[in-house]
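**Student:** Need a 3D model of the following:
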Amino acid sequence: MLGRRKPQHSLWESQCWPHPVPQDSFYGRMSAIGDQLFHDDDLAGMYCADNGRPSWPPSLMSGITLLQFFVDVSDEEVVDRLRFDLRWKVALNLPLDFTPPDASTLCVFRRRLLEHGEERYAFNRLVQVGRAAGFLPDKVTLLMDTTPQRGAGAVQDTYTLIRKGIRKVLKAAGYTAAQKRRGLAANLAAYLESDRKAAIDWTDAKARAAQLKVLVQDAEAVLELAQQAADDPEVRTSAWLLTKVLGDDVEINEAGDPQIADGVAADRIVSMTDPEMRHGRKSAAQRFDGRKAQVAADQASGLLLAVEPMAANAGDGRELGDMVETVQEEHGVQVERVIGDGAFGSGDNRAACAEQGIDLVSPLAEPSDPEVAKSAFDIDVEAQSATCPQGQKAVRCQTVKDAQGRPVLLFTFERSVCEACALFGRCVRSKTEGRSVRTHYHESLLQAARKRQETQEFKKLYRLRAAIERLIACLVQHGLRRARYIGEAKVRVQAQWTGAAANLQRLFTLLEGDTRRMNEILSTAG
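**Tutor:** Just a heads-up that it's a prediction; the model follows:
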């Protein structure tokens, strides 16, 4: 049943007594708006209206959760802060003798938020405050970027992934029950009895190969058993994970034996603890395991408008359209411009933005050898002609398909003409043909973008992107660089509430500490 916070303050509440917490600190300002910041009725749908024991007031739990992500502490540390930290008592307007909830209550509250689709509650509320205060206009310029986020799941090697995958399938199929286990082969039952690596010499390549063969055979046997319970969604999911690990990590050699596959599959699973984690790279030298956090902010106010997890192995700009849609639907604003680094400036993104009337400000990468790069060629898509930097024209134009099956043009130059050119060694890679140049499906948009980025107007706009780095640094300071939970849904809760804490701090700055005005805005913002 919904519990409510009493509107009448107690004599023992911390703000009724002299305390050293500065009024102009984050905690002091949060205390001044505490009665209006969150309302119990906002989350009433998460609770039964007339049955059961009263819950902890959701307004109080929201305040506690916001502070938790503001200072980046565990549930157990939250309980200690509520009991001993005067700053927290002041910020939440709690009595000095307050008895905090159990740490498990915080888990239950987050689970309720997810179950009822309220994980964006605090984030959206504070964005609404920014709109009501006039800081967020109806038409916005989005600054966008991503940052690596280390996953909370254990990163595992192929041997461990297969072993844990076998165990996962067996548990999902109900073989932990003694009656079913009695009918299980001894070698498979061993995976339920022990979850440790085999006692072999792991420095011996032959021993590792033999162990891999045993694991693959056992995995195939378990997948056959799983077919008997294929109607169970949990069995299907765990069987799919094991099958994917085998497909991505194992290949059969010429002798017919399994071996670790060369290379890394693009969408390789790295953890059975959190199967949604992936290998990711922020640069050629910086690899991480987990996810990326994609961030969108309003350029004028510096308020965050979206903080969402995405796959670590996905390109930064892959979900640009989804982020724009999220911002517009959640906050009722119109995105008129997006400013992002070169990862966002693909031809497909430019075309999608052009259809919506959005100005995409994103540079195209500078070629390593500009003299012979595709950008140095004069390409006319409509006339189907191409001229190289030395003034030679292509002798052949073909219509071919790109990776997505769309028609593009392939221009080919005469090899004998190319061989006579001083740039031949740098320009031509083929052993039999002259230089070839393939257009993009949105070639005209890319050509226009390359011309635009040389203008002063573009350079002035693009300099505004630097502000997103500061905002991401703020989120990292509040703990966003490391996921606290397993699974994308729970990681999204962390991202949303970390963003809410950062936005509250930003609103205090924008309002210059005028908590009276903020209380008035909170009361009218719903």
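
**Student:** residue closest to the middle of this protein?
**Tutor:** The chain has residue 309 as the residue nearest its centroid, 1.8 Å off, counting by C-alpha atoms, centre = their mean.

**Student:** That one reaches residue 292, doesn't it?
**Tutor:** Yes. Contact criterion C-beta atoms under 8 Å: residue 309 and residue 292 qualify, at 7.2 Å. The way it works is simple: take the backbone N, C-alpha and C, and place the C-beta from them, glycine included.

**Student:** How is the protein partitioned into domains?
**Tutor:** Residue ranges for the domains of the chain, per automatic domain parsing: 14-118, 158-260, 381-443.

**Student:** Just the mean pLDDT for the first one, thanks.
**Tutor:** Here domain 14-118 scores 91 as its mean pLDDT.

**Student:** out of the domains of the chain, which comes closest to residue 503?
**Tutor:** For residue 503, the closest of the domains of the chain is domain 14-118, at 10.1 Å, according to C-beta to C-beta.

**Student:** hmm, back to that, could I get the domains of the chain as a markdown table with distance to residue 339 and mean neighbour count?
**Tutor:** What follows is those, written out as a markdown table (distance: least, C-beta to C-beta, whole Å; neighbours: other C-beta atoms under 10 Å):
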| stretch | distance to residue 339 | mean neighbour count |
| --- | --- | --- |
| domain 14-118 | 27 | 17 |
| domain 158-260 | 36 | 15 |
| domain 381-443 | 20 | 15 |
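
**Student:** which helices and strands sit right next to whatever helix or strand residue 191 lives in?
**Tutor:** Assigned by DSSP states H and E, residue 191 belongs to helix 186-193. Contacts defined by 3 or more C-beta pairs under 8 Å, 6 or more residues apart in numbering; DSSP states H and E place helix 186-193 against helix 158-172, helix 205-226.

**Student:** Dump the domains of the chain into CSV; add distance to residue 468 as well.
**Tutor:** Formatted as CSV, the domains of the chain follow (distance: least, C-beta to C-beta, whole Å):
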stretch, distance to residue 468
domain 14-118, 20
domain 158-260, 34
domain 381-443, 25
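
**Student:** Those domains: which one's closest to residue 501?
**Tutor:** domain 14-118 (3.9 Å).

**Student:** Where does the prediction get shaky in the chain?
**Tutor:** Scanning the chain for pLDDT under 70 picks out the ranges 5, 7-18, 526.

**Student:** Swap in 50 and give it another go.
**Tutor:** Scanning the chain for pLDDT under 50 picks out nothing.

**Student:** need the strands for it, in chain order.
**Tutor:** 139-150, 250-252, 258-260, 278-281, 287-298, 304-311, 334-339, 359-361, 378-380, 385-387, 396-401, 407-412, 436-438 (DSSP state E).

**Student:** what's the closest of these to residue 495?
**Tutor:** strand 304-311 (4.4 Å).

**Student:** ok, residues contacting the closest one?
**Tutor:** 123, 127, 140, 142, 146, 149, 276, 278, 280, 291-298, 318-319, 323, 326-327, 330-331, 333, 471, 475, 480, 488, 491-492, 495-496, 498-499, 502-503, 506 (C-beta atoms under 8 Å, 6 or more residues apart in numbering).

**Student:** Repeat that for stretch 105-116.
**Tutor:** Stretch 105-116 is touched from outside by 43, 45-47, 56, 58, 61, 64-65, 68, 75, 78, 118-119, 121, 489-490, 493, with contacts defined as C-beta under 8 Å, 6+ apart.
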